[in-house]
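Undergrad: sharing a model prediction with you, sequence too.
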Amino acid sequence: MADAALRLTRLFEQLLGAPLPVRIRAWDGSQAGPPGAPALVVHNRRALRRLLFKPGELGLARAWVAGDLDIEGDLYTALDLLAGLIWERGEDARTLREALRDPSVRAAVRGLVKLAGPPLPPAPPAEEVRRRRGHLHTRRTDRRAISHHYDVGNDFYELVLGPSMVYSCAYWPAPDATLETAQRDKLELVCRKLALKPGQRLLDVGCGWGSMAVHAAREHGVRVVGITLSQEQAAYARKRAADEGLTDKVEIRVQDYRDVDDGPYDAVSSIGMAEHVGAERYLEYARDLYALLKPGGRLLNHQIARRPQRDESAYDVDAFIDAYVFPDGELQPVGTTVTMLERAGFEVRDVESIREHYAHTLRRWVANLEAGWERAVKLTSPGRARVWRLYMAASALSFERNRIGVNQVLAVRTPLSGASGMPLRARTWN
């Protein structure tokens, strides 16, 4: 009798202590759960072994990336339904050890073990980061982490990001605007906040594929130094500057921000880079950028933020993101970012939340990926494409539900005279 789905549904509900809001479709063709709901497709018993050997998010991630688990129906709806049970049970949720004190939970685990078959731990998918011991956020480990995420292939990123090749939150004039328009508006917003003028020097930290550098040089006449740790990004950005006839104004370097020593600059942009810095290095990062600016110079720091926790020492990096997306990446509350910038000497002049804009951006990237799925798989691997689809869709929901945010923080290296150079009505960005 084909009954694996019903057995799984009962076991999962015992483990989670709540009704399962999605259907289960199992490897034997059986189905169980709420009619009309998206289905969690368990393709094989190996998915269960992954969950048993790595309970929680990492086990689920491995099963998803390997193709042992899938979702049938709307991905966003399914993730939203599952989030409250799996990813966001709150700081008061029971730990696994506490849960196993419950006889019914122990019985459910035994049931899963029996259903999973031979107890051999499956190897992690090839896309998972192989950890090495040592300190985080050294120059060497940062280069390795950046390479894992960004040196996937420029053709793959073009498919996902579109012609703008901007890998950060766009700035939408309206939800139905084109992605290219919204990304151009974001680059222009940064330039206006920095008050760029012809002949000035701009340092673009984490320059990606050169979009900000090219836009600032072409539209505002500034001389730009863009730095990245990705060889593939640097090659693409240099060609882009050459194609635009901007080689006299745009210099792209493969360089760590800690090694830049040719200041002072009139302005610094850091767009979607500070998430890679790490909490223990953040003050150093802020002080380095402060030292590179001339008195009166401006910094625009565009950065994803998480919600603060009651006990900040309990913060842990998201297991899926750390293993498959941004190794060693860390988020911090926007208040912490502002405090660190102030401790470094900056005067923080403006903080703008553009959280909803990132949700729109991510949904467009997911649509691009899904439309070009077969090509994306050929350019990378089935597992890598699955990583991107899950992480971008889940991130879109996190921004929409205010689980995470993104902020542009404008700060000034205000001189001793106190003359910040800011307009009286800052939001006009004159």
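TA: Structure's in. What do you need?

Undergrad: which phi and psi does the residue nearest in space to the middle of the chain have?
TA: Residue closest to the average C-alpha location in the chain (C-alpha atoms, centre = their mean): Phe326, at 6.7 Å. The phi/psi pair for Phe326 (degrees, to the nearest 10) reads phi -120, psi 90.

Undergrad: surely it touches Glu275?
TA: Yes - with contacts defined as C-beta atoms under 8 Å, Phe326 counts as touching Glu275 at a distance of 6.9 Å. In short, each C-beta sits where N, CA and C put it, glycine included.

Undergrad: other SSEs contacting the lengthiest strand in the chain?
TA: Ranked by residue count and defined by DSSP state E, the top strand of the chain is strand 293-306. Here strand 293-306 touches helix 179-194, strand 265-271, helix 334-343, strand 404-412, going by 3 or more C-beta pairs under 8 Å, 6 or more residues apart in numbering; DSSP states H and E.

Undergrad: which secondary structure elements does the longest one sit against?
TA: Which is helix 179-194. The contact analysis (3+ C-beta pairs under 8 Å, 6+ apart) places helix 179-194 against helix 211-220, strand 265-271, strand 293-306, helix 355-371, strand 404-412.

Undergrad: switch the cut-off to 10 Å
TA: On a contact count with 3 or more C-beta pairs under 10 Å, 6 or more residues apart in numbering; DSSP states H and E, helix 179-194 meets strand 201-205, helix 211-220, strand 265-271, strand 293-306, strand 347-353, helix 355-371, strand 404-412.

Undergrad: show me the strands in the stretch 1-150 of the chain, by range?
TA: 23-25, 31-32, 39-42, 69-72 (DSSP state E, counting those that start in this stretch).

Undergrad: so which of these gets nearest Arg7?
TA: Taking C-beta to C-beta, strand 31-32 is the member of those nearest to Arg7, at 8.4 Å.

Undergrad: mind checking pLDDT for the nearest residue to Pro198 once chain neighbours are set aside?
TA: Nearest residue to Pro198 in three dimensions, chain neighbours excluded: Gly221, at 3.2 Å (C-beta to C-beta, 6 or more residues apart in numbering). Looking at Gly221, its pLDDT is 98.

Undergrad: go on, Thr336?
TA: Looking at Thr336, its pLDDT is 96.

Undergrad: so where's the stretch 151-300 of the chain uncertain?
TA: 151 (pLDDT under 70).

Undergrad: still on that earlier bit, enumerate the positions of the longest strand of the chain that are buried.
TA: Leu293, Gly297, Arg298, Leu299, Leu300, Asn301, His302, Gln303, Ile304, Ala305, Arg306 (16 or more other C-beta atoms under 10 Å).

Undergrad: how near is Ser230 to Val152?
TA: Distance, Ser230 to Val152, by C-beta to C-beta, to the nearest Å: 10 Å.

Undergrad: brain fart, Arg281
TA: For Arg281, the distance to Val152 - C-beta to C-beta - is 25 Å.

Undergrad: how about Gly67?
TA: Distance of Gly67 to Val152, given as C-beta to C-beta: 19 Å.

Undergrad: looking at these two, which is more packed in?
TA: Val152 (19 against 15; other C-beta atoms under 10 Å).
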